[in-house]
Structure formats: C-alpha cells, structure tokens
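Colleague: Fold the following, please.
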Amino acid sequence: MKRRDVLAAAGAAATFSALPWLPAANPRSCDSVRVGDDEIEDLREAISNLDALDQRFGGDLLWRGAQYTLHYIDDLLDRAVFTEPIGNELRAISGSLTTSIGWYCYDAGRTLDASNLWERALNSALLSEDEPLAVRTLSVMARQAVDLGKPRNAVRFAKIAQNHIGSWAPARVHSLLAVREAQGYAAMGDTTSTNEAILKAWRAFELGGAEHDPQWTQFLNEAELVCLEGMCRSDLGEHKKAVDLLSRSAQLQDTAHDRNRGMCLVRLSGAALSAGDLDQSIDAAEESVRMIGGGMTSRRNKQVLLGIASGLHHYDDPRARNTIERITQHAA
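Modeller: Below you'll find the predicted structure:
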C-alpha cells in the first residue's frame, strides 16, 4: 500500500476506534448494547470526522469502513436497547451516513453504489419527513447527474430539493441548491438560465453563514462557490472566464478542502488547455499530481486528470510529455 493510502486508511481507522462500545463481533452482540446520549454523540463525532477526511483526502478509502458502521447502526436499531427519542436519533444518523457513504462511493468512481445508497437515503428521508436529509441527498444526486451526462435530471433534482426547503433552511442551503441548478443548466448549454442561477447562488451566499448551517453545507465557502461557477463557465465554453475563476479559487481554498482544490486544479488545467494556454494547463496538472502524491485519493479527480493527459497528447512538447508520464504514474 502506498504512503498516501496508509495515511487515509489510518485516519478512517482512527475515526471509528474512538467508539469503544462498537464491537467487532456478529450482529447479536448488539443485544446487550444500551444506546444513550453519549453513544449518539460519539457516532455524530465519528461521522463528522469521516466527512472531514473526505474533504481533505477524498472518499476512495472511506466507503468500505463506513459501510460496516452503517450496517452496525442498522443492527443497533433492530437489537439494542434505547428510548424512542434515541431511536429517532439513530435513524437520522443512519440516513445521514447513508448519504455520506453514497458521496464517498461517488468520489471513488463507484457510480452505481452511490446511486443505490442515495435512493435508500431519499426513501428514508421521505418516510420520516426528514427534509434536511432529503435536500442534502437530492443536492448530491444533482451533482452526480451532471457527471453522468444527465443535466436535465440535475436541474430536476435541484428544483425538487428547493420544494423541500422550509423555515429550517439558512441561506447556505439556498445557495447550494442554486449552484447545483446552475451546473445542470451549464451542462445543457443554457447560458441565460445558468447566469440566473449563479446570481441567485451568490446573492444567497452573500447573506453570510449562520450558526445553524447544516454541516453538509460547510464545504461551500467562497473558494468552492468560485470554483463551481468556473466549472459552469467551462461547461458553457467560456474558457477564459473559467480560467480566471478557477485560478482565483485555487488560491483561495484552504488545506482542509484539498479534495475540492484538487478538482478545481484539474478543471483549471482543462479550461486552460481549451483556452490555448499550455503552460498554465501543465502547471495546474502538475500541482494536482503533487496533491495526489501527498495523500489525495479522489478517483473523480484522477479520472478528470487522465482526461487532461489525453488532451496533452496533441502537443509535441517535452513538458507535456513529462506531465503525461506523471499523470499516468499517479492517477491511472
């Protein structure tokens, strides 16, 4: 196993080793477990740590261990001893973790697994009338739909999610759904609708964060919103605008969101290549390769990077050839 894989795997293991009451035995071991507020807090903290690892390193080495934990939580719901309020908390945690694992699978290139998990999470959200979970799940489904070449579904999912927004939803939620809608329109080539949705996203974002912002919106900082707008511009063929936005985003993003910065860099590399700036394309690709060497495991980022390598094959340039070799070594 490579050093970067060891780092990410160790982080995932450390997350769940912090749950001493979580046995590694068969499901019948749940029969003697009593779940209370302390155990709920432990689970929430562990899942929060997993999401932080995903933001930093990507989901490729997280989904397996997280699935084991999801199965165990389901066993707790079937066999453990708890009060009705604690049972409701466990069901909410199960739904949230299901959506998170779907995202880890999506980031790991496991498209079908992601879709199946999100279908389960969405069904759970609708049955329990958990609107925040429904909105979160639909937002990631919209993101995946763009990658699957189904932009109309992306817009549809974003609009359905907006119908589930109630008084609980702060401005960050509105901003996230607007930019998901914009990504769908951009992939459809609808410039007018993209511009309207991006404007809506920025207006909501500029209202600022709130103490009750859901954790799943906290990745949407200024750097990320600039990046997502840049990706929209690239999809619309506005490559110079995309380069400016993606360059700015890469400079703004912090190390806690390295996976997102990695995606920004590979999209910058592609936009620069389309704009005819070979040097900037190579520089961005090389920086992304260095991030992979430092522990970033996102298969999504690697797949986009391999596409950049294909584009660089058209250039008879020693730097391009060297970058192709490095991409192949680290991302294949």
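
Colleague: so who does the closest residue to residue 55 other than its chain neighbours touch?
Modeller: Once its chain neighbours are removed from consideration, residue 55 has its nearest residue in residue 257; the separation is 5.2 Å (C-beta to C-beta, 6 or more residues apart in numbering). Heads up, the C-betas are built off the backbone N, CA and C, glycines and all. Counting by C-beta atoms under 8 Å, 6 or more residues apart in numbering, residue 257 makes contact with 55, 56, 219, 221, 223, 224.

Colleague: Look at the fifth one and tell me its secondary structure.
Modeller: Put plainly, it is residue 223. Here residue 223 is helix, with the state taken from DSSP: H, G, I helix; E, B strand; the rest coil.

Colleague: and it, how far is that from residue 145?
Modeller: Residue 223 is 24 Å from residue 145, where distance means C-beta to C-beta, to the nearest Å.

Colleague: Make CSV from the contacts of residue 257 and add distance to residue 32, neighbour count and pLDDT to it.
Modeller: Compiled in CSV, these are given as follows (distance: C-beta to C-beta, whole Å; neighbours: other C-beta atoms under 10 Å; pLDDT from 0 to 100):
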residue, distance to residue 32, neighbour count, pLDDT
55, 36, 19, 92
56, 36, 19, 91
219, 38, 17, 95
221, 44, 20, 96
223, 47, 20, 97
224, 44, 22, 97
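
Colleague: For those, give me TSV that also has distance to residue 279.
Modeller: Shown next, in TSV, are the contacts of residue 257 (distance: C-beta to C-beta, whole Å):
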residue	distance to residue 279
55	30
56	29
219	30
221	28
223	23
224	26
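
Colleague: quick one, phi/psi of the residue positioned nearest the centre of the chain?
Modeller: Residue closest to the average C-alpha location in the chain (C-alpha atoms, centre = their mean): residue 103, at 5.6 Å. Main-chain torsions, residue 103, degrees, to the nearest 10: phi -70, psi -40.

Colleague: same question, residue 157
Modeller: phi -60, psi -40.

Colleague: again with residue 81
Modeller: Torsion angles at residue 81 (phi, psi; degrees, to the nearest 10) stand at phi -110, psi 130.

Colleague: does it have beta-bridge partners, and which?
Modeller: Using DSSP bridges, the beta-bridge partners of residue 81 come out as residue 34.

Colleague: which residues touch residue 228?
Modeller: Residues counted as contacts of residue 228 (C-beta under 8 Å, 6+ apart) are 179, 182, 183, 201.

Colleague: my bad, residue 109
Modeller: By C-beta under 8 Å, 6+ apart, the contact set of residue 109 is 60, 299, 300, 303.

Colleague: A helix includes the third one, no?
Modeller: Put plainly, it is residue 300. Yes. Residue 300 forms part of a helix when assessed by three-state DSSP.

Colleague: Give me the distance between the closest residue to it other than its chain neighbours and residue 223.
Modeller: In this structure, residue 300 finds its nearest non-sequential neighbour in residue 107, 5.3 Å apart by C-beta to C-beta, 6+ apart. Residue 107 sits 18 Å away from residue 223, going by C-beta to C-beta.

Colleague: Residue 278 too?
Modeller: Counting by C-beta to C-beta, the gap from residue 278 to residue 223 is 25 Å.

Colleague: And residue 174, by the same measure?
Modeller: Looking at residue 174 against residue 223, where the rule is C-beta to C-beta, the gap reads 19 Å.

Colleague: Kindly report the same for residue 200.
Modeller: Residue 200 sits 19 Å away from residue 223 when distances are taken as C-beta to C-beta.

Colleague: Show me the helices in the stretch 101-250 of the chain, by range?
Modeller: 111-128, 131-147, 151-163, 171-188, 191-205, 222-235, 239-252 (DSSP state H, counting those that start in this stretch).

Colleague: Tabulate those (JSON lines), appending distance to residue 46.
Modeller: What follows is the helices of the stretch 101-250 of the chain, written out as JSON lines (distance: least, C-beta to C-beta, whole Å):
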{"stretch": "helix 111-128", "distance to residue 46": "18"}
{"stretch": "helix 131-147", "distance to residue 46": "18"}
{"stretch": "helix 151-163", "distance to residue 46": "27"}
{"stretch": "helix 171-188", "distance to residue 46": "24"}
{"stretch": "helix 191-205", "distance to residue 46": "30"}
{"stretch": "helix 222-235", "distance to residue 46": "24"}
{"stretch": "helix 239-252", "distance to residue 46": "30"}
